[in-house]
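In: would you be able to build a 3D model of this:
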Amino acid sequence: MTQSRSAIVERKTKETSVLVRLNLDGEGRSKIKTGIEFLDHMLEQLAFHGLLDLEIECEGDLHIDSHHSIEDIGIAIGQAFKEALGEKTGIRRYGHAYIPMDESLLRAVLDFSGRPEFVFNGQFGRYNLGNLDTQMIPHFFKSLAFNCGLTLHLSILDGSNDHHKCEGLFKAFARALSDAIALDPRRMGVSSTKGTL
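Out: Model (predicted):
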């Protein structure tokens, strides 16, 4: 019988309260309520295009700004991925995706190496998208990557519309992620000559 690849993570600080429910072998269903509507929309894209079932609830100090909430959501999602993947037995490990969104072109390349690293190449022209601070977009991905042992490279290769660039990044990440966590029936252990990830 295949073990369930799912996790529930709760993170509580003096600044935020975050609950994440994650099923890696889902159908793309989501229920997201962070108080940051544009981020909700992006996380719905992550679930749908990554074929994850994802529920997130966050109550944070948005009266200050969105930084603490976005960072802690990234941390909690990263921790959920780490828990759900366990020893990473049988996963493909690597994933990459190019996503065009109208005039924009985005790339995500990742490795569940156990060695956290994050590299971001690109710029946003606006300070915010709805109530999402654009400088927090790479910070969200960094927080996620460092809390699940993920090497992640994200690039904005082309584009002028910041909405398209941001949404394309989340979709590219989702597709690359879906490939990396997929189970390879030929892989009996972990995808490393070291024997561990």
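In: for the chain, give me the ranges with low pLDDT.
Out: For the chain, the stretches flagged by pLDDT under 70 are 1-2.
In: and the strands in it?
Out: Chain-ordered strands for the chain, with DSSP state E as the definition, fall at 6-12, 16-23, 30-33, 53-60, 94-101, 104-111, 117-121, 128-129, 132-133, 151-158.
In: for those, which one ends up most surrounded?
Out: Looking across the strands of the chain with neighbours counted as mean count of other Cβ atoms under 10 Å, the highest average goes to strand 104-111: a mean of 22. In this view, the C-beta of every residue, glycine as well, is placed from N, C-alpha and C.
In: which strands or helices does it pack on?
Out: Under the contact criterion of 3 or more Cβ pairs under 8 Å, 6 or more residues apart in numbering; DSSP states H and E, strand 104-111 touches strand 94-101, strand 151-158, helix 162-181.
In: give me the contacts around the second one.
Out: In other words, strand 151-158. The set of residues external to strand 151-158 that reach it, using Cβ atoms under 8 Å, 6 or more residues apart in numbering, is 98, 103-113, 115-123, 138, 141, 144-145, 165, 168-169, 172-173.
In: returning to what we had before: tell me which of the helices and strands packed on strand 104-111 lies nearest to residue 48.
Out: Each of the helices and strands packed on strand 104-111 was checked against residue 48 via Cβ to Cβ, and the shortest separation belongs to helix 162-181, namely 7.5 Å.
In: CA atoms only: put the closest one into PDB for me.
Out: Extracted as PDB, the C-alpha positions of helix 162-181 are listed here (Å, rounded to 0.1, in the frame of the first residue of the first chain):
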ATOM      1  CA  ASP A 162       4.000  42.600 -13.700                       C
ATOM      2  CA  HIS A 163       0.800  40.600 -13.200                       C
ATOM      3  CA  HIS A 164       1.800  38.200 -16.000                       C
ATOM      4  CA  LYS A 165       5.300  37.900 -14.700                       C
ATOM      5  CA  CYS A 166       4.200  37.100 -11.200                       C
ATOM      6  CA  GLU A 167       1.500  34.600 -12.200                       C
ATOM      7  CA  GLY A 168       3.800  33.000 -14.800                       C
ATOM      8  CA  LEU A 169       6.500  32.400 -12.000                       C
ATOM      9  CA  PHE A 170       4.000  30.600  -9.800                       C
ATOM     10  CA  LYS A 171       2.800  28.500 -12.800                       C
ATOM     11  CA  ALA A 172       6.300  27.600 -13.800                       C
ATOM     12  CA  PHE A 173       7.200  26.700 -10.300                       C
ATOM     13  CA  ALA A 174       4.100  24.600 -10.000                       C
ATOM     14  CA  ARG A 175       4.800  22.600 -13.200                       C
ATOM     15  CA  ALA A 176       8.500  22.100 -12.300                       C
ATOM     16  CA  LEU A 177       7.500  21.000  -8.800                       C
ATOM     17  CA  SER A 178       4.900  18.500 -10.200                       C
ATOM     18  CA  ASP A 179       7.600  16.900 -12.300                       C
ATOM     19  CA  ALA A 180      10.100  16.700  -9.400                       C
ATOM     20  CA  ILE A 181       7.800  15.100  -6.900                       C
END
